[in-house]
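[1] Need a 3D model of the sequence below.
(chains A and B)
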2 protein chains.
Amino acid sequence: MDWLDWQKSVLLTDLYQLTMLQGYFERGMEDEAVFEFFVRRQPEQRNFLLAAGLEQVLDYLESLAFSATDIACLDDTGLFSAAFLDYLRGLRFRGSVEAMPEGTVFFADEPVLRVVGPLPQAQLVESRLINLLHFQTLVASKAARCALAAPDKLLVDFGMRRSHGAEAAVFAARASYLAGFGGTATVVAKPLYGIPIFGTMAHSFIESHDSEPAAFESFARAHHGAVVLLIDTYDTERGARRVVELAARLADEGIRIHSVRLDSGDPAVLSKSVRRILDQGGCEDIGIFASGGLDEYELSRLHRLGAPIDGYGIGTSVDVSADAPSLDCVYKIQEYAGRARRKRSTGKATWPGRKQVFRLYDDDGRLSRDILTIQGDSQPGRPLLEPVMRDGRRLAPSPSLDQVRATAAAGLEQLPASLRSLEAAAGFTVEVAGALKELAASVDKAFR
Amino acid sequence: MDWLDWQKSVLLTDLYQLTMLQGYFERGMEDEAVFEFFVRRQPEQRNFLLAAGLEQVLDYLESLAFSATDIACLDDTGLFSAAFLDYLRGLRFRGSVEAMPEGTVFFADEPVLRVVGPLPQAQLVESRLINLLHFQTLVASKAARCALAAPDKLLVDFGMRRSHGAEAAVFAARASYLAGFGGTATVVAKPLYGIPIFGTMAHSFIESHDSEPAAFESFARAHHGAVVLLIDTYDTERGARRVVELAARLADEGIRIHSVRLDSGDPAVLSKSVRRILDQGGCEDIGIFASGGLDEYELSRLHRLGAPIDGYGIGTSVDVSADAPSLDCVYKIQEYAGRARRKRSTGKATWPGRKQVFRLYDDDGRLSRDILTIQGDSQPGRPLLEPVMRDGRRLAPSPSLDQVRATAAAGLEQLPASLRSLEAAAGFTVEVAGALKELAASVDKAFR
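    Purely as a prediction, here's the structure:
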């Protein structure tokens, strides 16, 4: 068997997609199907969510095809007929997509993306489409909370090592950046997405030298970018005094120390004592950067306490969305062969049909109401889903990542104070329009 | 710039690895360094951890090299000298690795893996090495709890869609399988790792047909493997009665229904009523498979209640390790140029030097004690770290995934009842030998 390029393989899916497709194939079920991706319930700790990952979904849909190796792998399972495998060889995605632009604020029950196409095509893409939208949305939603908790601070993604694999690392860099982070430590995110990269030094650099001052000097002399010295390896305050000494000595040579990094202890306390040491030593221009187990709650505490910290490295808490590491999101059939559908499984019933979300703002420009209704229903406000793909091809070039970042920033700016808060907000519910309720009732009568 | 094969790129790392390497390069610091990977603290909800991911680390180390594209990307940053980039072109990993075999039970503070090599090589690999070991260990440790909670049941990984990206999905399939799962729904895991794959049908398959009985029949006729029918789309008990009717009708044609799947409601209650309906209808041979938001606690509850369920599909809870989505794991320098090192940062001090773990068992063959000491110290018990790589090459072919699975099963079998419990166990602490305590005291005197 030839080499399997598994990251791009259509076999990156659940087996049932393929067994269902064989069922559709044998019965000739190729009528138009409508699926929507949405979140069933927001995590308690999230007042809003931020849509992300559409760009990777469109890439996936445009390039979807079974390679000869994929077909050989499927043949090996013994589960599929030769006729069906032949059919898969020619299968491409030729459907349409409507979606909220990346960076859009959204809420539970609202469709983030709709796929319309022949049933097998629209079904097959489910697993990877959810996989792509879920994770970036998860991270962007968490990162946005950090951005709100630390206004005007530089936030840098430090999470690669504890991200769940390679793709999680780069997607987390992308999703946190579009949500308001200033950059990432993950190098490959720069050539991939143009995201600014930041890096300092590890404790091992200090420890591999015979003394901390020798390590500081060695790093400052070798580093071509902004010099950031990690000062907590042995004793943070003594580290700060050593930076003052070094800064004075290197100033004559034109070498500048940009900032110091704290990575342990209480940053509220240490940032104040370190700031004092730096200022008293004439190093008012040296900044303070903090890292180590930070999340939005700690950022908020440091903000309230007025900690003199200029930037933060935030890792695991955002990259795995530690307090809510998954979203209850689904991709559900809404219509087949012209008739709306829904399941009514206990506790899991959903709204049927093709839907649209209309967003309304109050006089101050703050988000005030969202109305969920069927497509074509007339409602006040701005519709959130837009056509992005027809016949399997993008309708227009995607917005740049910086444009997405601006969309997100505007959306966060428009949130009312209750939703911007880190505490769970009561009161915002998505209104379900009469037209949608009527459709649901009629579907329940038709399908049993 | 040429296409960047980012999943395999050395640039899948933190920027500081490269800025530190430039520091080492300019000072000629290439002496032997020793790093160890370990978990600082176990999550409260984990009585033990299960080592996984070594195989991917060894692949990574053997193939590590900077491509022309990697070098061009680094050059673009303006952070690196031409001489340093030249040096990177020739850089390979030529160090040694000792490690616990995959599938080994371990505890906080115990080194799982040690890298010994020239400082730049041993440092550079940190980010990806942690990224690889962390995630599979995380998932294997969670999956092992499920295996303990549901003895003799078939457990299948259903988590791809909410895994954190593509690599997380396939690594979760691998890690859960080695920990005791019977297979996965993720198709690509079969050609990649030889893991058995399982699949049923989605609610959309039912909904796209005009009636549930029509959907059941269509699937049973089209499916070439074990037929599993999802019966909860509209009404679970009515679904079960429809399966009984269909089974009788298809029996004449030699088509057998293997089992039914429950995906909503309380599986303890529904499995009993469905079992009764199936048995009364003469379908004693049709099994019951359950899925939908399951974790080890729910499996344990169903086991206690004697729910007549033959297998489980377990998704998000395991694939993101929902109750503990990260481990506090690190890769720390332990020795450089022949002298042991450690950091003493507040709350983050670590044990210095090259270490070994000795494991002791009681008369019943249950794990009774672990002793952490320096390498070369003589202690009773079985040493857990073994040499696996020399001069950047594997010493022997890796064990097969089924061998790893057997190692894990044996390790779980040897756990005392307190550690096998889902509740937090008190009492098991890793003993630190006198030789290691003495080394730590001497290191603290030497480095300030």
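
[2] Find the nearest non-adjacent residue to A:G225, please.
    B:L79 (4.7 Å; Cβ to Cβ, 6 or more residues apart in numbering or on different chains). C-beta coordinates here come from the backbone N, C-alpha and C atoms, glycine included.

[3] I misspoke; the intended subject was A:E431.
    In space, and not counting its chain neighbours, A:E431 is closest to A:I371: 4.9 Å by Cβ to Cβ, 6+ apart.

[4] contacting residues for that neighbour?
    By Cβ atoms under 8 Å, 6 or more residues apart in numbering or on different chains, the contact list for A:I371 reads A:357-358, A:360, A:379-381, A:430-433.

[5] Now, these that are in strands?
    If you go by DSSP state E, the contacts of A:I371 have A:357-358, A:360, A:431-432 in strands.

[6] Among these, which one has the most neighbours?
    A:V357 (24 neighbours; other Cβ atoms under 10 Å in any protein chain shown).

[7] can you tell me how far A:A410 sits from A:A441?
    Counting by Cβ to Cβ, to the nearest Å, the gap from A:A410 to A:A441 is 37 Å.

[8] In terms of neighbours, single out the busier of those two.
    Taking other Cβ under 10 Å, A:A410 and A:A441 do not tie; A:A410 has more neighbours (13 against 10).

[9] Kindly export the helix or strand harbouring that one (C-alpha atoms) in CSV.
    If you go by DSSP states H and E, A:A410 is part of helix A:401-413. Coordinates of each C-alpha in helix A:401-413 appear next as CSV, following Å, rounded to 0.1, in the frame of the first residue of the first chain:
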residue,chain,number,x,y,z
LEU,A,401,-6.6,36.8,9.4
ASP,A,402,-6.2,40.4,10.4
GLN,A,403,-9.6,41.2,9.0
VAL,A,404,-11.0,38.3,11.0
ARG,A,405,-9.3,39.8,14.0
ALA,A,406,-11.0,43.1,13.4
THR,A,407,-14.4,41.4,13.1
ALA,A,408,-13.8,39.7,16.5
ALA,A,409,-12.6,42.9,18.1
ALA,A,410,-15.7,44.8,16.9
GLY,A,411,-18.0,42.0,18.1
LEU,A,412,-16.4,42.0,21.6
GLU,A,413,-16.7,45.8,21.7
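
[10] how about that helix: buried residues?
    A:401, A:404-405, A:407-409, A:411-412 (16 or more other Cβ atoms under 10 Å in any protein chain shown).

[11] for stretch A:116-126, same thing?
    Buried residues in stretch A:116-126, counted by 16+ other Cβ under 10 Å: A:116-126.

[12] Ends of it, what's the gap?
    For stretch A:116-126, the first-to-last residue distance is 12 Å (Cα to Cα, to the nearest Å).

[13] and the gap between the residue nearest the centre of chain A and chain B?
    Nearest residue to the geometric centre of chain A (Cα atoms, centre = their mean): A:Q136, 2.4 Å. According to Cβ to the nearest Cβ, to the nearest Å, A:Q136 and chain B sit 9 Å apart.

[14] Quick one: residues contacting A:Q356.
    So A:Q356 contacts A:111, A:372-377, A:379, A:383-385 (Cβ under 8 Å, 6+ apart).

[15] try 10 Å this time
    Counting by Cβ atoms under 10 Å, 6 or more residues apart in numbering or on different chains, A:Q356 touches A:98, A:110-111, A:114, A:371-377, A:379, A:383-385, A:433, A:436.

[16] likewise A:A173?
    Neighbouring residues of A:A173 by Cβ under 10 Å, 6+ apart: A:139, A:156-157, A:159-160, A:163, A:181, A:183-190, A:192-193, A:195, A:197, A:319.

[17] Out of those, which sit inside strands?
    Reading strands off the contacts of A:A173 with DSSP E, I get A:156-157, A:183-184.

[18] I'd like the residues you listed as JSON lines, with neighbour count appended.
    What follows is those, written out as JSON lines (neighbours: other Cβ atoms under 10 Å in any protein chain shown):
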{"residue": "A:V156", "neighbour count": "27"}
{"residue": "A:D157", "neighbour count": "31"}
{"residue": "A:G183", "neighbour count": "21"}
{"residue": "A:T184", "neighbour count": "32"}
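
[19] ok, A:E102 - contacts?
    Shown in contact with A:E102 (Cβ under 10 Å, 6+ apart): A:50-57, A:112, A:133, A:136-137, A:140, A:174-175, A:178, A:398-399, A:401, A:403-405, A:407-408.

[20] So it, which state does it fall into?
    Assigned with DSSP: H, G, I helix; E, B strand; the rest coil, A:E102 falls in the coil class.

[21] From A:G353, how far off is the nearest residue to A:A435 once chain neighbours are set aside?
    Distances taken as Cβ to Cβ, 6+ apart place A:D377 nearest to A:A435, at 4.5 Å, with adjacent residues excluded. Separation of A:D377 from A:G353 (Cβ to Cβ): 10 Å.

[22] what do you get for A:L74?
    34 Å.

[23] coming back round to it: now, which of the ones in strands among the contacts of A:A173 sits nearest A:T236?
    A:V156 (20.0 Å; Cβ to Cβ).

[24] Strands of the stretch 51-200 of chain A, residue ranges please.
    A:96-99, A:105-106, A:113-118, A:154-157, A:183-184 (DSSP state E, counting those that start in this stretch).

[25] for these, which one sits closest to chain B?
    Among the strands of the stretch 51-200 of chain A, the nearest to chain B by Cβ to the nearest Cβ is strand A:183-184 (8.5 Å).

[26] near chain B at all, that closest one?
    Yes. Strand A:183-184 comes into contact with chain B (Cβ under 10 Å from any Cβ of the partner chain), by way of A:183-184.

[27] Check which helices and strands that strand sits against.
    When contacts are defined as 3 or more Cβ pairs under 10 Å, 6 or more residues apart in numbering or on different chains; DSSP states H and E, strand A:183-184 packs onto strand A:154-157, helix A:166-178, helix A:189-193.

[28] Could you say which of those is packed most deeply?
    Stretch with highest mean neighbour count among the helices and strands packed on strand A:183-184: helix A:166-178 (a mean of 29; mean count of other Cβ atoms under 10 Å in any protein chain shown).

[29] Apart from its chain neighbours, what residue comes closest to the residue of the stretch 1-150 of chain A at minimum distance from chain B?
    Residue of the stretch 1-150 of chain A nearest chain B, by Cβ to the nearest Cβ: A:L15 (2.8 Å). Once flanking residues are discounted, A:L15 sits nearest to B:G199: 2.8 Å by Cβ to Cβ, 6+ apart.
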